[in-house]
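J.: the following comprises the amino acid sequence and a computationally predicted model.
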Amino acid sequence: MISSCPAEIQDVILHDISPMDRIRYSLTSRQENRAVVSYNQRTFRIRKLLLRYFDTILDIAQFRFLQYETGMLISGSAAVQFFDNTVYPGSDLDLYVEIGKVESVAEFLLEKDYRFEPGERQPKDWKQGFLWCESAFRYYHSLGRIHNGGHRGVFNFGKEGKRVQVVACCQTPLKVILNFHSTCVMNVISHSYAYSFYPHETFEERVSVCVRLEANGRFSDACNKYARRGWSIV
């Protein structure tokens, strides 16, 4: 029985069992149920993810309060790693926030010793880039148009090999996320809850539906990236 093993061994065994099989196993006895519940409590803790990007528990508490204040959502590969209990070395922390609240998020990251890493077409000063982003948003908004799938700009911040990507949304962050390229990345982490919109397909069947194809009908590079990570793309 798994419950008779040390916690470290339990973690190894239960990690390799699919989510549904863990649930089924937890129903075999009260003792095994307690083992699975304990595993879930150890495994699905947001601090495990965030400690890869922030130095202290206080930093994490401040970040989560900022999520509460701004409605910012964690998504992309970071949320996939949280639900899948895995690590993609060198992956970003992807943050989605309404454009009017980007400045608060950027200032927080700068306070935590992150530095703005401009893209090829961005000015070196992130505030100048943000002003351009805002003006473009107002222009498209005046035309009644939504551009780039609902996001208006991406700001990268780096620190000691870690990178946080802040996506400025001109719609609600959730609406932008639901417009992603494929279903396996339609997961979000708020200040208090984590949600997967296609949990059975994504983490049990390991299937992802690519909902945005390139003009030639081929899967996008983003879809292919998740194929390399083990998902069957349909």
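T.: Perfect, thanks for sending it.
J.: tell me the confidence at the residue nearest to residue 55 when sequence neighbours are not counted?
T.: Excluding the flanking residues, the one nearest residue 55 by Cβ to Cβ, 6 or more residues apart in numbering is residue 112, at 7.5 Å. Backbone N, C-alpha and C define where each C-beta goes, glycine included. Residue 112 is assigned 97 on the pLDDT scale.
J.: wouldn't residue 112 be in contact with residue 58 here?
T.: No - in this structure, residue 112 is not within contact of residue 58 by Cβ atoms under 8 Å, at 10.6 Å.
J.: the more surrounded of these two?
T.: residue 112 (17 against 9; other Cβ atoms under 10 Å).
J.: how close does the residue nearest to residue 22 when sequence neighbours are not counted sit to residue 113?
T.: Leaving aside its sequence neighbours, residue 22 sits nearest to residue 36 (Cβ to Cβ, 6+ apart; 5.5 Å). Distance, residue 36 to residue 113, by Cβ to Cβ, to the nearest Å: 39 Å.
J.: what about the two, which has more around it?
T.: Remark: of residue 36 and residue 113, residue 36 carries more neighbours, 21 against 10, as counted by other Cβ under 10 Å.
J.: could you pull up phi and psi at the most centrally placed residue in the chain?
T.: In the chain, the residue lying closest to the centroid (Cα atoms, centre = their mean) is residue 75, at 2.4 Å. When read as degrees, to the nearest 10, the backbone of residue 75 gives phi -150, psi -160.
J.: now it: how far from residue 60?
T.: Relative to residue 60, and taking Cβ to Cβ, residue 75 is found at 18 Å.
J.: for residue 196, give me its contacts.
T.: Neighbour list for residue 196: 79, 83, 186, 187, 202, 203 [criterion: Cβ atoms under 8 Å, 6 or more residues apart in numbering].
J.: touching, the second one and residue 203? I think so.
T.: Read that as residue 83. Yes - with contact defined as Cβ under 8 Å, residue 83 counts as touching residue 203 (5.9 Å).
J.: check the secondary structure at residue 167 for me.
T.: strand (DSSP: H, G, I helix; E, B strand; the rest coil).
J.: got the contact list for it?
T.: So residue 167 contacts 94, 95, 96, 97, 151, 153, 154, 173, 176 (Cβ under 8 Å, 6+ apart).
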